[in-house]
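J.: Sharing a model that was predicted from the sequence below.
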Amino acid sequence: QVQLVESGGGLVQPGGSLRLSCKASGIIFSINAMGWFRQAPGKQRELVAAITSARSTNYADSVKGRFAISRDNPKNTVYLQMNSLKPEDTAVYYCNTVKGYSGNYSPANGSWGRGTQVTVSS
């Protein structure tokens, strides 16, 4: 059974930075593509960034140049470095395994973690 535990969220001022972490268990982490998703109040969950097992990365247009996804396979952990944060980045952030291909990734696992809240506000 896949377990995903996100952490690192918090309250930050516009222009600030946060680094999110997601530790996965119950999967062979190194062979899985991983993604970060977010869900703002009243909106659908959306993919923010993805990283393949070969460390190829993809980003939503709204975060390109500001966010960076990375992975540490020995630690079964995927990270999301978020810089130049904007109020519209406010959301609950989740990680999950993903399937598909560049520009068309979707969650590969129906089980989600609790997420971590990111609030960008002055």
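T.: Happy to help now that I have it. Bear in mind that the values here come from a model prediction, so they are computed numbers and not experimental data.
J.: Tell me how far residue 77 lies from residue 21.
T.: 6 Å (CB to CB, to the nearest Å). (Each C-beta comes from the backbone N, C-alpha and C, glycine too.)
J.: What are the buried residues along stretch 73-80?
T.: Buried positions in stretch 73-80, judged by neighbour count with 16 or more other CB atoms under 10 Å: 76, 77, 78, 79, 80.
J.: ok, those residues vs residue 34, which is closest?
T.: Nearest to residue 34, judged by CB to CB, of the buried residues of stretch 73-80 is residue 78 at 4.3 Å.
J.: which residues touch the closest one?
T.: Residue 78 makes contacts with 21, 22, 24, 34, 36, 51, 69, 70, 71, 72, 95, as judged by CB atoms under 8 Å, 6 or more residues apart in numbering.
J.: Please flag which of those residues sit within strands.
T.: Those of the contacts of residue 78 mapping onto strands are 21, 22, 24, 34, 36, 51, 69, 70, 71, 72, 95, per DSSP state E.
J.: The fifth one and residue 70: what is the separation?
T.: What that stands for is residue 36. Note on residue 36: its distance to residue 70, by CB to CB, is 11 Å.
J.: What does residue 89 show for phi and psi?
T.: Per-residue torsions, residue 89: phi -80, psi -10 (degrees, to the nearest 10).
J.: Excluding chain neighbours, what is closest to it?
T.: residue 120 (5.2 Å; CB to CB, 6 or more residues apart in numbering).
J.: and if you look at residue 113?
T.: Leaving aside its sequence neighbours, residue 113 sits nearest to residue 4 (CB to CB, 6+ apart; 3.7 Å).
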